[in-house]
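> Could you work out the structure for the sequence below:
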Amino acid sequence: MQVDWHTFGLSLVPLVGLAQFYVKRYFRRFNEEVDLTVQTVLITNAETQLGRALGLEFAKRNARVILACRSMIEGGLARLDIVANSGRSDRNVLARILDMRSLDGVRDFADLVLTHEERQVQLDILVNIPAHIGFPSPQPANDTTKFYNENYLGPFLLTTLLLDLLKKSGAQPCIVHVGSFLRKTDSVDLDYLKSGEEISFDKIMQTKPMLGQSRVRLHSNVRTMRAMFTSELARRVSELGITVCCTNPGKDPDEGTQILLHCALSRTLQSDSVHIFSGWQKDNVHDLAKNSTLCEKFWKYSETLIREFPNDASDSQV
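Numbering: from 1, shown residues only. Prediction:
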């Protein structure tokens, strides 16, 4: 029987493409050799699966890792797991309590880091993992304060409080903001920024109607706010050698960990611009985040919000 090799070859094309997809999807790894000896990494919401996996990878690269967790019970378990699997001594993996839902709690945590880390000389990498990636169950109305605190205002406050410490890094300091995919339709009410009129916090947090679902609007807000914050942060530190990234790591914690390692450690990323990633691919900057004037004004407004917005008490386990 004569084989039609041309037809046979064409039949293999889909299989080859599928194989390449799975290799790229499941086997791509951050493979740059980076030794983090004497460097300190801080990860927020480190009790999550993504936070634990990332902490382990940093520890394997000889970093000193601070796990900022909502409760000491979860933080202690994460710490024990990382110490057991990384070969690092327990004094190089620390667990600290940080509940972003309480802005006073964020201030207390930052004071603790600044007091202790000043003696340790530096903080080199800050990874802000949000409490929610994707869409959680709808939040009760009285939990809106907590939602904004833990997904935007808390990370904003923590980053600004620790910025001077990051500037002292003797390595290549980096700030990574983790979040879900930013959509072109995401927005917040920024009309007041253009007109200069005073406006209440309630109005700025209202988006244009999106499917009539409050949880969708909440996430639209924080995604846009995070993008604008990241863009303005990158502009402010561009001459200080600090790399700033914002990334959607996807749903797979293993792959997400590799993507975050790329953002935090890759020497191919320059500190003179903001780096937006969706998975492994660089993504376009959101239109609002491109407007430097709006981003600067929103930064200043965020500074006002962290002073005036209600400080919701957390219910953390100590």
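> residue boundaries of the strands in the chain?
Taking DSSP state E as the test, the strands found in the chain are 40-44, 64-69, 93-97, 125-128, 174-178, 243-248, 274-278, 281-282.
> As TSV, those strands with mean pLDDT would be great.
Conversion of the strands of the chain to TSV gives the following (pLDDT from 0 to 100):
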stretch	mean pLDDT
strand 40-44	96
strand 64-69	96
strand 93-97	95
strand 125-128	96
strand 174-178	92
strand 243-248	86
strand 274-278	70
strand 281-282	70
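> where exactly do the helices run in the stretch 51-200 of the chain?
Per DSSP state H, counting those that start in this stretch, the stretch 51-200 of the chain carries helices over the ranges 72-86, 103-120, 144-148, 154-167, 191-195.
> Which of those sits closest to residue 258?
Each of the helices of the stretch 51-200 of the chain has some distance to residue 258 by C-beta to C-beta; the shortest is helix 72-86, at 16.4 Å. For the C-beta atoms, the positions are set from N, CA and C on the backbone; glycine is no exception.
> what residues does that closest one touch?
If you take C-beta atoms under 8 Å, 6 or more residues apart in numbering as the criterion, helix 72-86 is touched by 46-47, 51-52, 55-56, 59-60, 65, 67-69, 88-90, 93-97, 317-318.
> So which of the helices of the stretch 51-200 of the chain is nearest residue 282?
Residue 282 lies closest to helix 154-167 among these, at 21.8 Å (C-beta to C-beta).
> list the buried ones in that closest one?
For helix 154-167, a neighbour-count test (16 or more other C-beta atoms under 10 Å) marks 154-163, 165-166 as buried.
> thought residue 63 was touching residue 40?
Yes: Residue 63 sits in contact with residue 40 when judged by C-beta atoms under 8 Å, with a separation of 6.9 Å.
> hang on, the earlier thing: with mean pLDDT as new columns, can the helices of the stretch 51-200 of the chain be given to me in CSV?
Below are the helices of the stretch 51-200 of the chain laid out as CSV (pLDDT from 0 to 100):
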stretch, mean pLDDT
helix 72-86, 95
helix 103-120, 84
helix 144-148, 78
helix 154-167, 94
helix 191-195, 50
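> Make a markdown table from the ones you listed and add distance to residue 286 to it.
Shown next, in a markdown table, are those (distance: least, C-beta to C-beta, whole Å):
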| stretch | distance to residue 286 |
| --- | --- |
| helix 72-86 | 32 |
| helix 103-120 | 25 |
| helix 144-148 | 19 |
| helix 154-167 | 17 |
| helix 191-195 | 15 |
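> Of those, which is nearest residue 250?
helix 154-167 (19.8 Å).
> tell me the angle the closest one makes with strand 64-69.
Going by axes from the mean of the first three to the mean of the last three C-alpha atoms, to 10 degrees, helix 154-167 is angled at 160 degrees with respect to strand 64-69.
> what packs against helix 154-167?
strand 40-44, helix 103-120, strand 125-128, strand 174-178, helix 214-237, helix 292-308 (3 or more C-beta pairs under 8 Å, 6 or more residues apart in numbering; DSSP states H and E).
> Now tell me what touches the shortest one from outside.
Spelled out, that is strand 125-128. Residues outside strand 125-128 that contact it (C-beta under 8 Å, 6+ apart): 39-44, 54, 58, 63, 155, 158-159, 162, 166, 173-178, 260, 264-265.
> now do 7 Å
Taking contacts as C-beta atoms under 7 Å, 6 or more residues apart in numbering, the residues outside strand 125-128 that touch it are 41-44, 54, 155, 159, 162, 166, 173-178, 260, 264.
> Mind giving me the PyMOL select for those residues, buried ones only?
To isolate the buried members of those in PyMOL, using 16+ other C-beta under 10 Å:
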select buried, resi 41+42+43+44+54+155+159+162+166+173+174+175+176+177+178+260+264
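> if you skip the residues just before and after it, what's nearest to residue 166?
residue 173 (4.7 Å; C-beta to C-beta, 6 or more residues apart in numbering).
> I'd say that neighbour and residue 242 touch.
Yes: here residue 173 reaches residue 242: they are 4.7 Å apart, a contact under C-beta atoms under 7 Å.
> Tell me which residues touch the residue lying closest to residue 232 once chain neighbours are set aside, please.
Sequence neighbours aside, residue 295 is the residue nearest to residue 232 in space, at 4.0 Å (criterion: C-beta to C-beta, 6+ apart). Contacts here follow C-beta under 7 Å, 6+ apart; on that basis residue 295 touches 228, 231-232, 289.
> No further queries at this time; thank you.
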